[in-house]
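Novice: need a structure here:
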Amino acid sequence: MTPATTPYRPGQRAERYGFLQLLHAEWTKFRTVRGWAFGMVAAALMVVLVALLAGTSSDQKGSPSVPIGPGGEPVTDSFYFMHRPLAGNGSITVSVSALRSSVPAGPADLRPGTVPWAKAGIIIKQSTRQGSPYAAIMVTGSHGVRMQDDYVNDTAGLPGPVSAASVRWLRLDRSDDTITGYASADGARWTKVGAVHVRGLGPTAQGGLFVASPPSVHGHGTRVSVSTAVFEDLRVQGHRVGGDWTGDQVGRMRPALHAEWTKIRTVAGPLWLLLGMIAVTVALSAGAVSVVTCTSAGCGGDMTKLSLIGVQLGQALVAILAVLVISGEYGSGLIRTTLTAMPHRATVLAAKAIVLAGVVTAAGTIAVLGSLLAGRLILPRHGFTTALGHPALSLTDGPTLRATAGSILYLILIALFSLGIAAIVRDSATGIGVILGLLYLPPLFSQVIGDPDWQRLLQQMSPMSAGLAVQTTADLRDLPLSPWAGLGVTAGWAAAALMAGGLLIRMRDA
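Specialist: As a prediction, the model looks like this:
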């Protein structure tokens, strides 16, 4: 009697072992081609070198110190303030019929643009000292009516933009240390937005109108902005402690926009007060919004993003090497031998992608951590921790950790994206030209396009502009996409390129 045995199935075992052999073969190719290995080392060194250069060239010594808010945190506090002393309890009411913003399209060329967090409204503040306690109600460029206090609290009110056809009436009531904000679309029916307790206002506070215009996010950086507002129907109830309306710039006005402010102030003239009505256009120089708290990135800049700026250049070497991984085999004819050994062509591309991702992960980790170390050591020596209120860089900080991990993932996605493009075009020069064009041309185009809507759309679609949003640790609200959503856009480009490349490898002859 012949004993029963389980039949040997060579197909399953051989396929699995064959893929492992393929991975080993691809890794052997990569590490034995000196140009590829040296190129990956050069990419990592470039990222760190640019971080060193950026740190040593960014001197903030002598910059004014960052104001400290009521809670002890560094804050941004810069706006134009038309105010007068107000004693005890009372209220301020005004209507806002316009809020317009301009951003520079070039030197001395301000053009209308969108600044989502430009603000205009009423504020009651302990004093004109930066960092002093306050409560404010305002209209914004893109976020409707908001009530904010003490740099860290924000409450949404009526939605929609303000215009001559959609006027917003605003009111702040003070009862001791309690400030209540109201908004109305017609001046008759009022909606309570919020009530806050502001400590330290004192018996006499400064109350009045303000306009704030933060930097506008543009590409991978920001541009200064100028915002103007039109106020009418000003009514003040309560005790006044003498003194006329006074206009002050709270915080430093940047010299680059001082001339623009002078022009607007000269044309607009003084603040007209007639029969209890006010119609005035005031402008604010670029600077941080008075009601936005500094994040762990500090104020006046993004220390983490500055440290990781080398990724923008290092990615070019990563992309070029990724293109050569497959296009070099097409040029030499080695791809025929590879496809003969492994007939499943999509599996060949998958093996190359895995090896490439592993190599870029190692090099990218070294490069990104080295850049952060350079920033931690160099930037404090140039005034970033004293003048601008930045804490030392640390991976225990959530935004910095997200920027670190996101930058490594971004380099991996750029490598896979480049590999997919190379599989599509099969030619080294063409592949390099296509991938570098897709990375660097959209940000350049966004610099010259005047329409802010098209600018934002281009930034949302660009693999580089969207993906590098993950490095931002300062004010995130004006980004075209959230950090992880932006990285998702880059991942979409990489997935689409790899799928198209895998399909074409299967369809075409080697």
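Novice: and the longest strand along the chain, which residues are buried?
Specialist: Identified as the longest strand of the chain according to DSSP state E is strand 79-106. By neighbour count on 16 or more other Cβ atoms under 10 Å, the buried set for strand 79-106 is 79-86, 90-105. Any C-beta I mention is one placed from the backbone N, CA and C, and that applies to glycine too.
Novice: show the average pLDDT along it.
Specialist: Regarding strand 79-106, the rounded mean pLDDT is 86.
Novice: with stretch 22-35 instead?
Specialist: Mean predicted confidence for stretch 22-35 is 72.
Novice: repeat for stretch 421-430
Specialist: 89.
Novice: and it, end to end?
Specialist: End-to-end distance for stretch 421-430, by Cα to Cα, to the nearest Å: 9 Å.
Novice: list the buried residues for it?
Specialist: Under the neighbour-count criterion of 16+ other Cβ under 10 Å, stretch 421-430 has I421, A422, A423, I424, V425, R426, S428 buried.
Novice: my guess is A87 contacts G202, does it?
Specialist: No: A87 lies out of contact with G202 (Cβ atoms under 8 Å); the separation is 9.7 Å.
Novice: contacting residues for the nearest residue to D427 once chain neighbours are set aside?
Specialist: Nearest residue to D427, sequence neighbours excluded (Cβ to Cβ, 6 or more residues apart in numbering): S327, at 6.0 Å. S327 makes contact with A422, V425, R426, D427, S428, G431, according to Cβ atoms under 8 Å, 6 or more residues apart in numbering.
Novice: run through the helices of the protein in chain order.
Specialist: In the chain, the helices defined using DSSP state H lie at 10-32, 34-57, 255-268, 303-307, 311-332, 334-341, 345-378, 398-425, 428-448, 452-461, 463-467, 483-507.
Novice: out of those helices, which is closest to S227?
Specialist: Taking Cβ to Cβ, helix 255-268 is the member of the helices of the chain nearest to S227, at 10.4 Å.
Novice: quick revisit: now the buried residues of stretch 421-430 in a markdown table, with distance to T246?
Specialist: Shown next, in a markdown table, are those (distance: Cβ to Cβ, whole Å):
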| residue | distance to T246 |
| --- | --- |
| I421 | 61 |
| A422 | 65 |
| A423 | 67 |
| I424 | 65 |
| V425 | 65 |
| R426 | 70 |
| S428 | 67 |
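Novice: what stretches of the stretch 151-300 of the chain score poorly on pLDDT?
Specialist: The stretch 151-300 of the chain contains residues with pLDDT under 70 at 216-223, 239-243, 252-300.
Novice: try it again with 80
Specialist: For the stretch 151-300 of the chain, applying pLDDT under 80 flags the ranges 214-225, 238-244, 251-300.
Novice: all strands for it, in order.
Specialist: Secondary structure of the stretch 151-300 of the chain (DSSP state E, counting those that start in this stretch): strands at 153-156, 168-175, 178-184, 191-197, 204-212, 216-218, 221-223, 226-240, 246-250, 273-274, 277-278, 280-284.
Novice: re the thing from before, with distance to G157 as added columns, please give the helices of the chain in a markdown table.
Specialist: Shown next, in a markdown table, are those (distance: least, Cβ to Cβ, whole Å):
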| stretch | distance to G157 |
| --- | --- |
| helix 10-32 | 58 |
| helix 34-57 | 41 |
| helix 255-268 | 27 |
| helix 303-307 | 32 |
| helix 311-332 | 39 |
| helix 334-341 | 63 |
| helix 345-378 | 39 |
| helix 398-425 | 28 |
| helix 428-448 | 32 |
| helix 452-461 | 24 |
| helix 463-467 | 31 |
| helix 483-507 | 26 |
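Novice: closest to L172 out of those?
Specialist: The closest of the helices of the chain to L172 is helix 255-268. By Cβ to Cβ, the value is 24.1 Å.
Novice: got the phi and psi for G157?
Specialist: For G157, the backbone dihedrals (degrees, to the nearest 10) come out as phi -120, psi -140.
Novice: count the residues that sit near the nearest residue to it once chain neighbours are set aside.
Specialist: Leaving aside its sequence neighbours, G157 sits nearest to V145 (Cβ to Cβ, 6+ apart; 3.3 Å). V145: 27 surrounding residues under other Cβ atoms under 10 Å.
Novice: would you agree V145 is in contact with S166?
Specialist: No: with contact defined as Cβ under 8 Å, V145 and S166 do not form a contacting pair (11.3 Å).
Novice: where does the stretch 301-450 of the chain have low pLDDT?
Specialist: 301-304, 306, 328-346, 374-397, 444, 446-450.
Novice: so what's the residue nearest to T404 when sequence neighbours are not counted up against?
Specialist: Residue nearest to T404 in three dimensions, not counting chain neighbours: V368, with 5.6 Å by Cβ to Cβ, 6+ apart. Each residue near V368 by Cβ under 8 Å, 6+ apart is listed here: V47, L308, V311, T404, S407, I408, L411.
Novice: now the residue nearest the centre of the chain: how far from S428?
Specialist: Most central in the chain under Cα atoms, centre = their mean is L479, positioned 4.3 Å from the mean C-alpha point. To S428, L479 is 35 Å away according to Cβ to Cβ, to the nearest Å.
Novice: also Q130?
Specialist: Distance from Q130 to S428, counting by Cβ to Cβ: 56 Å.
Novice: could you do V211 as well?
Specialist: 54 Å.
Novice: what of V224?
Specialist: Distance, V224 to S428, by Cβ to Cβ: 42 Å.
Novice: Q460 touches A469, doesn't it?
Specialist: No: shown here, Q460 and A469 do not form a contact pair, counting by Cβ under 8 Å, at 9.5 Å.
Novice: so for these two, which sits in the more crowded spot?
Specialist: Neighbours per residue, other Cβ under 10 Å: of Q460 and A469, the larger number sits with A469, 28 against 16.
Novice: got the contact list for the nearest residue to that one once chain neighbours are set aside?
Specialist: Spatial nearest neighbour of A469, chain neighbours left out: G486 (3.5 Å); criterion: Cβ to Cβ, 6+ apart. G486 makes contact with Q460, S465, A466, G467, L468, A469, V470, L479, P480, according to Cβ under 8 Å, 6+ apart.
Novice: who does S102 form a beta bridge with?
Specialist: Beta bridges link S102 to P112, V226, judged by DSSP bridges.
Novice: same deal with V230?
Specialist: Beta-bridge partners of V230, as defined by DSSP bridges: A98, T281.
Novice: common neighbours of Q460 and A469, please.
Specialist: With the criterion set as Cβ under 8 Å, 6+ apart, the overlap between the contacts of Q460 and A469 is P480, L481, G486.
Novice: what's the lowest-pLDDT member of these?
Specialist: For the shared contacts of Q460 and A469, the weakest pLDDT value sits at P480, with 76.
Novice: could you find the closest non-adjacent residue to that residue?
Specialist: Using Cβ to Cβ, 6+ apart, the closest residue to P480 is Q459 (4.1 Å).
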